[in-house]
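# one predicted model, sequence on top.
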Amino acid sequence: MIRPAALAASLAAGAAFAASPALSSPAWAAPALLPHQAPLVLDGAATAWILTSTALVLLMTLPGLALFYGGMVRKKNIISVIAQSAAAFAIVSVLWFLVGYSLSFSHGPDAINGLIGGVQAAFLNGVTMQTANALLPGLPELLFVSFQMTFAIIAPALVAGAFAERMKFSASLLFFGLWHLIVYAPICHQVWGGGWLGGLGVLDFAGGAVVHVNAGVAGLVCALVLGPRHGFGRDNMAPANLAYSAIGTGLLLVGWLGFNAGSAGAADALAAVAAFNTILAAGAAALGWMTIEWFDRKRPTLLGLLSGIVGGLVAITPAAGFVDPKGAFFIGLIAGPACYAGAVWLKHALKYDDSLDAFGVHGVGGVVGALLTGLFATTSVNALAEGAAVWKQAVGLLGAIAWSAVGTFVVLMICKFTTGLRVSKDQEVEGLDYTQHGEAIH
């Protein structure tokens, strides 16, 4: 503990040093801000809320998504799916520090800044306790970095739902790293970091295109390239433990309040609207999914309710801070049946094996939510909704879909000719828990 007298002496010495001619020379001048930065003007309330939101969004991947996905696979693959979520966290958190944040939110050379950022902030060079990202000058930049990192972490973990039960663990590690750099960071920059989609006026409050459409499309490409699991359409592939999935859904629902309301960037009325819209849309989508499933299959299922909740959360994500509660209600009500159609009817009609419906829920739900944002956005909630239009949202979706599809295919080809993509048939039949990790749930 510092004694008061010692503290006073230290402050006096510091003041004298600061006033010395040596410190006022150019050699001691504060470093210049990077183009994406602003001086920090601390907003204590906002900082407290975004610290909380960062923890909530991190909770969505571990343990939320890990349990949600873990309960949906067969018993012999539960550990492998949870391990993929843990690996996504480890790889992306390091890459975000090394170069991911810079590629996403710094300014790149003029010729390519519309597509991807630069490397000035690689290794977080220039990011200090006195800087802020110009998007949110009231937050310490390291907090902005942390909050956005949690979005980057969950995106590839969502993709893993499409290739569950058949991709090599080594391939998934390489996939997560390359996909973050080649697909996620550029799309994030294009929408949020000063790229062409943001400049066009595409609205994405908390990651409808950046996270969910991006991950959903990537999942579809993975499912098509890898092909179906052995026995798909013939063997019983029912979920091993829906209790795990229910717990995971609850954690996702709670964490999503940080995802959406945290994207307001402050503890204010906009955050309150986003929080309420998130809860309402999830409930409406669950009812919508259950109604269609009850009519189609003659009985409602727990898995259907859980999937409907997640579908509603996905759909409201781009709209949460742009629509009023009436808009959120209709977005959820439409998203539930739409996600059911994507996860059940479309998948069966086209016979692709999207193991845990990454595309059916996140891809379809994200597209529905993004388009309806253009329809329901209102300036009475957010002034940035001025000029919102469905056609702008559609252009944004086409841009994100094209980049994600092509980039994901490139990443898969790199994995195919290096680590290889799939485990052998015998390994798949035995289960990835034991063959990839030497562990098993008894």
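Sure, I can see it. Residues are numbered from 1 along each chain as shown.

# how close does the nearest residue in space to Ala246 that is not next to it in sequence get to Pro156?
Computed as C-beta to C-beta, 6 or more residues apart in numbering, the closest residue to Ala246 that is not its neighbour in sequence is Leu306, at 6.1 Å. Bear in mind the C-beta positions are built from the backbone N, C-alpha and C, glycine included. For Leu306, the distance to Pro156 equals 22 Å [C-beta to C-beta, to the nearest Å].

# who has more neighbours, these two?
Neighbour comparison, Leu306 and Pro156: the larger count goes to Pro156, with 28 against 24 (by other C-beta atoms under 10 Å).

# centre of the chain versus the helix or strand hosting that one, how much separation?
For Pro156, the element it lies in under DSSP states H and E is helix 141-159. Remark: helix 141-159 is offset 7 Å from the chain centroid, using C-alpha atoms, centre = their mean, to the nearest Å.

# buried set for it?
For helix 141-159, the neighbour count (16 or more other C-beta atoms under 10 Å) marks 141, 143-159 as buried.

# pretty sure Phe175 is in contact with Cys415, am I right?
Yes. Using C-beta atoms under 8 Å, Phe175 makes contact with Cys415 at a distance of 5.5 Å.

# more crowded one of these two?
Phe175 (29 against 23).

# residue contacts, the more buried one?
Counting by C-beta atoms under 8 Å, 6 or more residues apart in numbering, Phe175 touches 156, 159, 167, 411-412, 415.

# where does it sit, in terms of helix or strand?
helix 169-179.

# quick check: angle from the helix or strand following that helix to helix 169-179?
For helix 169-179, the succeeding helix or strand toward the C-terminus, using DSSP H and E, is helix 185-192. Angle between the axes of helix 185-192 and helix 169-179 is 40 degrees (criterion: axes from the mean of the first three to the mean of the last three C-alpha atoms, to 10 degrees).

# list the contacts of the helix or strand that helix 185-192 is followed by.
Counting by DSSP H and E, the next helix or strand C-terminal to helix 185-192 is helix 196-200. Residues from elsewhere that reach helix 196-200 (C-beta under 8 Å, 6+ apart): 114-115, 190-192, 209, 392, 395-396, 399-400.

# how far is helix 196-200 from where the chain is centred?
19 Å.

# report the mean confidence score over that helix.
For helix 196-200, mean pLDDT is 97.

# quick one: buried residues of it?
Quick answer for helix 196-200 (16+ other C-beta under 10 Å): 196-198.

# relative to Ser404, which of these is nearest.
Leu197 (12.7 Å; C-beta to C-beta).

# distance of the closest one from Ala370?
11 Å.

# what do these two both touch?
Joint contacts of Leu197 and Ala370 (C-beta under 8 Å, 6+ apart) are 209, 396.

# low-scoring stretches of this protein, by residue?
The model of the chain has pLDDT under 70 over residues 1-30.

# and for Lys76, the neighbour number?
Neighbour tally, Lys76, other C-beta under 10 Å: 19.

# got a list of what the nearest residue to it once chain neighbours are set aside touches?
Distances taken as C-beta to C-beta, 6+ apart place Gly431 nearest to Lys76, at 2.6 Å, with adjacent residues excluded. Counting by C-beta under 8 Å, 6+ apart, Gly431 touches 74-77, 80, 440.

# elements contacting the lengthiest helix in the chain?
Counting residues, the longest helix found in the chain (DSSP state H) is helix 269-297. Counting contacts by 3 or more C-beta pairs under 8 Å, 6 or more residues apart in numbering; DSSP states H and E, helix 269-297 packs against helix 242-261, helix 302-316, helix 325-340.

# just name the most buried of these.
helix 302-316 (a mean of 28; mean count of other C-beta atoms under 10 Å).

# just give me how far that one sits from the chain centre.
16 Å.

# counting contacts, what elements does it pack onto?
helix 66-72, helix 242-261, helix 269-297, helix 325-340, helix 364-376.

# where do the strands sit along the stretch 1-150 of the chain?
37-39, 131-133 (DSSP state E, counting those that start in this stretch).

# so which of those strands comes closest to Trp256?
strand 131-133 (22.7 Å).

# tell me which strands that closest one pairs with, and in which orientation.
strand 37-39 (antiparallel) (DSSP bridges).

# report the buried residues of the strand it pairs with.
For strand 37-39, by 16+ other C-beta under 10 Å, it's 37-38.

# if we look at that strand, which residues are touching it?
By C-beta under 8 Å, 6+ apart, strand 37-39 touches 33, 126, 130-134, 137, 141.
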